[in-house]
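Q: below is the sequence, then the predicted model.
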Amino acid sequence: MISPTGRLDIRGQDRWGHGGYGRPRGTKVHHGVDFVIAPNNNIYFPFQYGFIERIAKPYAQDDRYSGVLLNGRDGDTEYIAKIFYFQPELDLIKHYVGVRQGYIIGESQDLNERYPGITNHIHMQVALAATPRIWTNPIALLEGKEAYERLH
């Protein structure tokens, strides 16, 4: 798996919380990782191959933000993933097109309209397809994760 932003920068602490996996969010736990990215940048398909299953909305009452639920495969392992805060390429969903790793699947959105002062990012959470509600740390699946570990 590769980073959907093409980089390993993870959102640290800001006034809205922390972007790391397993970090507290009030009474909940953050089940994903927030990859730092400026608005209007490319978002890439992270798995060796797969498809976008459907559009996903992180906020029921706020249509400004979107994302996707996708199915992907790395080697013999199948995953599901949610990626939020980007505008997906709609043709990939309408036509149920298979995609390969690194393919541009959309463009990042600006979160500052909803959360002033937040570090712009996309949110990604991943689970094995066989156990879709058991989320795992996406960082552990990334190619080049050793480089990330050296940075932190």
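A: Great, that's in hand.

Q: what's the spacing between residue 34 and residue 21?
A: To residue 21, residue 34 is 9 Å away according to Cβ to Cβ, to the nearest Å. Using the backbone N, CA and C atoms, a C-beta is placed for each residue, glycine as well.

Q: looking at these two, which is more packed in?
A: More neighbours surround residue 34 than the other of residue 34 and residue 21, with 28 against 21 (other Cβ atoms under 10 Å).

Q: ok, then the element right after the helix or strand hosting the more buried one?
A: In this structure, residue 34 is located in strand 33-36 according to DSSP states H and E. Downstream of strand 33-36, the next assigned helix or strand under DSSP H and E is strand 42-44.

Q: what pairs with that following strand, and is each one parallel or antiparallel?
A: Partners of strand 42-44 in the sheet, by DSSP bridges, are strand 104-108 (antiparallel).

Q: tell me the angle the following helix or strand past the partner strand makes with strand 104-108.
A: Per DSSP H and E, the first helix or strand lying C-terminal to strand 104-108 is strand 121-128. Angle of strand 121-128 versus strand 104-108, following axes from the mean of the first three to the mean of the last three Cα atoms, to 10 degrees, is 140 degrees.

Q: got a list of what the residue nearest the centre of the chain touches?
A: Central residue of the chain (Cα atoms, centre = their mean): residue 124, 2.5 Å from the mean position. In this structure, residue 124 makes contact with 4, 32-35, 46, 81-84, 138, judged by Cβ atoms under 8 Å, 6 or more residues apart in numbering.

Q: if we can go back for a sec, which helices and strands does the strand holding residue 34 pack with?
A: Strand 33-36 sits against strand 121-128, with contacts defined as 3 or more Cβ pairs under 8 Å, 6 or more residues apart in numbering; DSSP states H and E.
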